[in-house]
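Enquirer: here's my sequence, what's the structure:
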Amino acid sequence: MISVKNNIPKPVLEKIKELCLVNNQYAAFDLDNTLLHGDIGEAVFALLVKRKYILNFGWKDYLDLIKADREKAYFKVIEVMNNLEISVVENITTEMIHTDAIAIELEGYKIPIPKPNAIMQSILTLLKTSGIAVKVVTASNQISAEIICWEYFNIPVSDIFGARVDTNENKRINTKFNDVPYGKHKVKVLQREFKDQPVITGGDATWDRFLLAYTTQNGIRLWTGDPGEYEILKEKYFKDLAFYQI
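Expert: Numbers count the residues shown, from 1 in each chain. Model prediction:
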């Protein structure tokens with residue numbers, strides 16, 4: 001336990017200790033650029049494009065759509081996976097986890113291959129040993145989220161809530177769009193699945209403020225994003241609350 005605690009910022013460690021631990025408390029975290037350095041959904045999409053599994057929507061198309069409408073871009077990345085064999089997505093995800101490469105080169109861009117955030121790994125370990133369950137809500141596809149969360153954080157499938165992808169009788173992906181947990185939709189997923197609010201949350205981007213705001217009043221909010229955005233959010237939304245930059 002000592003080695004786990006060593007890289008956790010002292011204010012965060014002390015605040016976790018202060019939490020009144022009761023049964024059924026949980027933490028809820030964003031995945032990409034929060035628990036991970038990088039974005040598993042984007043990386044899987046990029047490698048699928050590079051390997052020619054996806055032909056009608058490229059990386060530049062995705063970036064252009066992100067600029068126009070981020071939510072539509074996240075939906076589109078799931079949509080273009082429709083009818084792919086599920087094993088393809090599983091194998092691509094597993095390959096990325098075990099590669100020594102740091103980026104995927106595609107269309108003149110370098111897309112980072114996600115790696116675990118070591119501080120967040122330690123925080124998750126401490127939470128789980130303290131009796132606080134860990135949940136993940138992410139706009140990345142459910143298949144890849146499940147694989148990488150188990151590999152890096154030992155979080156079971158039942159605690160991962162990603163963009164929904166079903167499979168048909170031929171083990172091919174059949175995309176559905178009722179669940180792409182982005183922005184306010186992260187909170188909707190938690191409200192659907194759990195009767196209580198999380199005691200700890202974490203995110204990295206301004207649209208994660210809805211998740212952070214859903215934390216219990218005396219809970220902890222963690223930020224892994226831009227320090228400038230952190231200062232803005234702290235002043236505007238979380239001034240007198242436990243909100244920490246990681």
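Enquirer: without its sequence neighbours, what residue ends up closest to His37?
Expert: Nearest residue to His37, sequence neighbours excluded (CB to CB, 6 or more residues apart in numbering): Lys115, at 5.0 Å. For the C-beta atoms, the positions are set from N, CA and C on the backbone; glycine is no exception.
Enquirer: ok, the one you found - contacts?
Expert: By CB atoms under 8 Å, 6 or more residues apart in numbering, the contact set of Lys115 is Leu36, His37, Gly38.
Enquirer: number of nearby residues for the first one?
Expert: When you say that, I think you mean Leu36. By other CB atoms under 10 Å, 26 other residues sit near Leu36.
Enquirer: what's the domain layout of this structure?
Expert: 2-38+115-245, 40-112 (automatic domain parsing).
Enquirer: mean pLDDT for these - can I get that in TSV?
Expert: Compiled in TSV, these are given as follows (pLDDT from 0 to 100):
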stretch	mean pLDDT
domain 2-38+115-245	92
domain 40-112	96
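Enquirer: can you report phi and psi for the residue nearest to His37?
Expert: phi -130, psi 160 (degrees, to the nearest 10).
Enquirer: so it versus Ala145, what's the distance?
Expert: 15 Å (CB to CB, to the nearest Å).
Enquirer: same check, this time on Asn218
Expert: Taking CB to CB, one finds Asn218 at 29 Å from Ala145.
Enquirer: these two: who's more crowded?
Expert: Shown here are Asn218 and Ala145; by other CB under 10 Å, Ala145 has more neighbours (27 against 12).
Enquirer: isn't the more buried one right next to Val136, touching?
Expert: Yes. Judged on CB atoms under 8 Å, Ala145 makes contact with Val136 at a distance of 6.7 Å.
Enquirer: check contacts around Gly183.
Expert: Counted by CB under 8 Å, 6+ apart, Gly183 has contacts Glu71, Trp207, Asp208, Phe210.
Enquirer: return the subset of these lying in helices.
Expert: Glu71, Phe210 (DSSP state H).
Enquirer: closest to Tyr152 among the contacts of Gly183?
Expert: Taking CB to CB as the measure, Tyr152 lies nearest Asp208 of the contacts of Gly183, at 19.5 Å.
Enquirer: for the spatially most central residue of the chain, grab phi and psi.
Expert: Ranked by distance to the mean C-alpha position of the chain (CA atoms, centre = their mean), the top residue is Leu31 at 1.5 Å. With angles defined as degrees, to the nearest 10, Leu31 sits at phi -100, psi -60.
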